[in-house]
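> all I have is the shape, not the residue letters:
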C-alpha cells in the first residue's frame, strides 16, 4: 500500500507533500501503524467524520493506492490539529 499525505489547509492554503510511505518498504511495526491509521480513516469516513470546521485549520489530503491496481485510489480529506491523537497524527509521525 502506498500512502501520500499532502498539507492542504491553514492560512496560506498552500499544498505540499508532507509524507509518503510504501508499506512494503517499511519495518513491520511501522507498516502496521500506517495500515491501522488508514483503517481508522476508513471508519471515520464511513461515519461521516470530516474533522473540525474552520478555514484557518490545517488540512490534509491522504491518498491511499494499492500497488497491484486491484482497487481505485482512496482519498481522504482531514481537517484539524495534527497534535491531537488521530489517524493523521500517526501518519505524520514519520518512520520509526
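Yes, it's here. Because the structure is a prediction, the values reported are computed rather than measured. Numbering: from 1, shown residues only.

> what segments of this structure are helices?
Per DSSP state H, the chain carries helices over the ranges 28-47, 87-92.

> so which bits of the last one are buried?
Of the residues in helix 87-92, those buried by neighbour count under the rule 16 or more other C-beta atoms under 10 Å are 87, 88, 90, 91, 92. Quick note: C-beta positions are derived from backbone N, CA and C, even for glycine.

> what helices and strands are in contact with it?
The helices and strands touching helix 87-92, judged by 3 or more C-beta pairs under 8 Å, 6 or more residues apart in numbering; DSSP states H and E, are strand 2-7, strand 16-22, helix 28-47, strand 59-65.

> rewinding a little: can I get the helices of the chain in a markdown table including distance to residue 22 and mean pLDDT?
Putting these into a markdown table (distance: least, C-beta to C-beta, whole Å; pLDDT from 0 to 100) gives the following:
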| stretch | distance to residue 22 | mean pLDDT |
| --- | --- | --- |
| helix 28-47 | 9 | 89 |
| helix 87-92 | 13 | 84 |
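
> got TSV for those helices, with distance to residue 8 too?
Formatted as TSV, the helices of the chain follow (distance: least, C-beta to C-beta, whole Å):
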stretch	distance to residue 8
helix 28-47	15
helix 87-92	12
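
> rewinding a little: ok, of the buried residues of helix 87-92, which one's closest to residue 32?
Checking the buried residues of helix 87-92 against residue 32 with C-beta to C-beta, the nearest one is residue 90 at 10.5 Å.

> pretty sure the closest one contacts residue 34?
Yes: taking contacts as C-beta atoms under 8 Å, residue 90 lies within contact range of residue 34: 7.5 Å.

> nearest to residue 19, out of the helices of the chain?
With C-beta to C-beta as the measure, helix 87-92 is the member of the helices of the chain nearest residue 19 (6.0 Å).

> in this structure, which residue is most central in space?
With distances taken as C-alpha atoms, centre = their mean, the residue of the chain nearest its centroid is residue 62 (3.9 Å).

> which residues does it contact?
Contact analysis of residue 62 by C-beta atoms under 8 Å, 6 or more residues apart in numbering lists 3, 4, 5, 6, 38, 41, 75, 76, 78, 88, 91.
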